[in-house]
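Peer 1: Test case, fold it:
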Amino acid sequence: MTQVVLGENEGIDSALRRFKRQVSKAGILADVKYHRHFETPLEKRKRKAVASRRKRRF
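Peer 2: Below you'll find the model as predicted:
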């Protein structure tokens with residue numbers, strides 16, 4: 001789970017920026033999108049294209 005501890009003189013904006021960065025690095029949003037019930041055809045094509053590029057690279 002992602003947590004951000006505020007410093008003494010740290011503003012909410014910088015803490016929110018750090019939180020968003022941690023969430024993106026952890027891949028939480030990508031995981032949420034992957035586990036949604038319905039995937040549009042465009043999303044499915046994009047996901048398959050990325051997977052094939054990764055597979056071709058290795």
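
Peer 1: Could you pull up phi and psi at A30?
Peer 2: The phi/psi pair for A30 (degrees, to the nearest 10) reads phi -60, psi -40.

Peer 1: What is the neighbour count of it?
Peer 2: Residues contacting A30 under the criterion other CB atoms under 10 Å number 10. Any C-beta I mention is one placed from the backbone N, CA and C, and that applies to glycine too.

Peer 1: Same question for Q22.
Peer 2: Q22, neighbours per other CB under 10 Å, totals 13.

Peer 1: can you check the one 10 residues further on too?
Peer 2: By the criterion of other CB under 10 Å, V32 has 9 neighbours.

Peer 1: which ones are touching it?
Peer 2: By CB atoms under 8 Å, 6 or more residues apart in numbering, V32 lies in contact with nothing.

Peer 1: Same check on R56?
Peer 2: With CB under 8 Å, 6+ apart, R56 has no contacts at all.

Peer 1: I'd like to know how far it sits from I28.
Peer 2: 27 Å (CB to CB, to the nearest Å).
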